[in-house]
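Peer 1: Give me a 3D structure for the following:
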Amino acid sequence: MKSTFLAAALAAVLSTGALAASPPPADAAIAAAVANTHRPAKDTDQDAIRHPAELVAFSKVKSGDTVMDVWPGGGYWSRLFSPIVGAKGKVYAYVPAEIAEFKSDPVATAKAIGTEPGYGNVKGISDPLAQQPPANMFNTFDVIWTFENYHDLHDTFMKGASVDGFNQAVFKLLKPGGYYVIVDHAATKGSGLANTEDLHRIDPATVKAEVEKAGFVLDQESSVLANAADDHSLKVFDPAIKGNTDRFMLRFKKPVSAK
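Peer 2: Take a look at the predicted model:
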């Protein structure tokens with residue numbers, strides 16, 4: 001989470017931001033992002049199960065923001081954030097270096113988003129998960145977001161990377177008052193980290209404890225993606241539950257008084 005690469009990218013954006021027209025109201029901006037005709041079918045086909053308007057509103061992303069989309073996958077959320085932050089904002093599609101060698105080539109996928117029409121303010125980046133940012137990058141992000149991947153940070157393919165270290169880096173990168181938003185698949189209450197690898201689920205209480213340990217305060221929870229019919233016993237990729245798991249949404253805030 002550094003680094004010279006990200007620092008150089010941020011410096012370029014912050015020094016060349018062009019004047020833009022007054023942003024539209026938040027609801028209108030979100031609706032326009034969802035309706036954006038540049039979105040590929042592979043994204044729009046997921047809208048029914050991802051509820052993009054509700055989740056983007058929950059994220060608090062707004063015009064002019066600098067946003068990090070952690071573990072962006074195919075770029076679904078990066079493409080939604082891009083038109084909302086607009087010409088004066090930036091979206092960083094961040095791939096942990098520990099997964100850079102996956103066969104799907106997640107780094108190339110993240111970098112390719114910014115070459116697509118309408119998404120030029122998206123930049124793909126990759127650094128080790130828990131690498132701490134230099135002091136000149138403290139307090140630079142407005143929102144750091146991760147969707148259905150926080151549990152994976154604990155898994156063996158992450159090669160022992162420190163999740164505590166990652167959360168500490170996120171805290172440093174966010175501006176005072178900035179938001180850290182985590183959406184993930186719920187595990188059975190009290191199960192902690194027991195099912196992050198086999199079922200790809202995590203106990204929300206564990207997430208809260210880990211993130212609050214880094215200095216964050218829980219700002220809001222949402223049940224938009226909750227599903228009481230999911231008994232948390234199936235792997236999230238099982239056809240019987242895929243796309244309809246019980247998912248939790250947590251928005252944490254860096255205290256305004258923090259440095």
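Peer 1: Show me where the protein has its helices.
Peer 2: 4-16, 26-35, 41-44, 47-50, 52-59, 76-85, 106-113, 163-173, 204-213 (DSSP state H).
Peer 1: Outside of the fourth one itself, which residues are in contact with it?
Peer 2: Spelled out, that is helix 47-50. Applying Cβ atoms under 8 Å, 6 or more residues apart in numbering, the external contacts of helix 47-50 come out as 34, 76, 243, 244. To be clear about C-beta, it is placed using only N, CA and C from the backbone, and glycine gets the same treatment.
Peer 1: Would you check how far apart residue 55 and residue 184 are?
Peer 2: With distances defined as Cβ to Cβ, to the nearest Å, the gap from residue 55 to residue 184 amounts to 12 Å.
Peer 1: Now list whatever residues contact both of the two.
Peer 2: residue 147.
Peer 1: These two: who's more crowded?
Peer 2: Each of residue 55 and residue 184 has its neighbours counted (other Cβ atoms under 10 Å); residue 184 has more, 26 against 21.
Peer 1: so who does that one touch?
Peer 2: Each residue near residue 184 by Cβ under 8 Å, 6+ apart is listed here: 147, 148, 149, 150, 151, 201, 202, 204, 207, 247, 248.
Peer 1: and with 7 Å instead?
Peer 2: The contact partners of residue 184, by Cβ atoms under 7 Å, 6 or more residues apart in numbering, come to 148, 150, 151, 202, 207, 247, 248.
Peer 1: Among the residues you listed, which ones are in strands?
Peer 2: Among the contacts of residue 184, the ones falling in strands (DSSP state E) are 247, 248.
Peer 1: Output the longest strand seen in the chain as CSV, restricted to C-alpha atoms.
Peer 2: Ranked by residue count under DSSP E, the longest strand found in the chain is strand 174-185. Once non-C-alpha atoms are left out, strand 174-185 reads as follows in CSV (Å, rounded to 0.1, in the frame of the first residue of the first chain):
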residue,chain,number,x,y,z
LEU,A,174,-7.6,8.2,4.4
LYS,A,175,-8.3,11.8,5.1
PRO,A,176,-9.7,12.6,8.6
GLY,A,177,-13.4,12.0,8.3
GLY,A,178,-12.8,9.6,5.3
TYR,A,179,-14.6,6.3,4.9
TYR,A,180,-13.5,2.7,4.8
VAL,A,181,-16.3,0.5,3.4
ILE,A,182,-16.4,-3.3,3.6
VAL,A,183,-19.0,-5.5,2.0
ASP,A,184,-18.6,-9.3,2.4
HIS,A,185,-20.3,-12.6,2.8
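Peer 1: so for that strand, what's the average pLDDT?
Peer 2: Mean pLDDT, computed over strand 174-185, is 98.
Peer 1: now the angle from it to helix 76-85?
Peer 2: Here strand 174-185 runs at an angle of 140 degrees relative to helix 76-85 (axes from the mean of the first three to the mean of the last three Cα atoms, to 10 degrees).
Peer 1: Next, the buried residues of strand 174-185.
Peer 2: Of all the residues in strand 174-185, those buried under the rule 16 or more other Cβ atoms under 10 Å are 174, 175, 178, 179, 180, 181, 182, 183, 184, 185.
Peer 1: before we move on, the earlier item: save the contacts of residue 184 as CSV, and put in pLDDT, distance to residue 83 and neighbour count too.
Peer 2: Shown next, in CSV, are those (pLDDT from 0 to 100; distance: Cβ to Cβ, whole Å; neighbours: other Cβ atoms under 10 Å):
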residue, pLDDT, distance to residue 83, neighbour count
148, 98, 22, 18
150, 98, 25, 24
151, 98, 29, 25
202, 98, 31, 26
207, 98, 29, 22
247, 98, 25, 25
248, 98, 27, 22
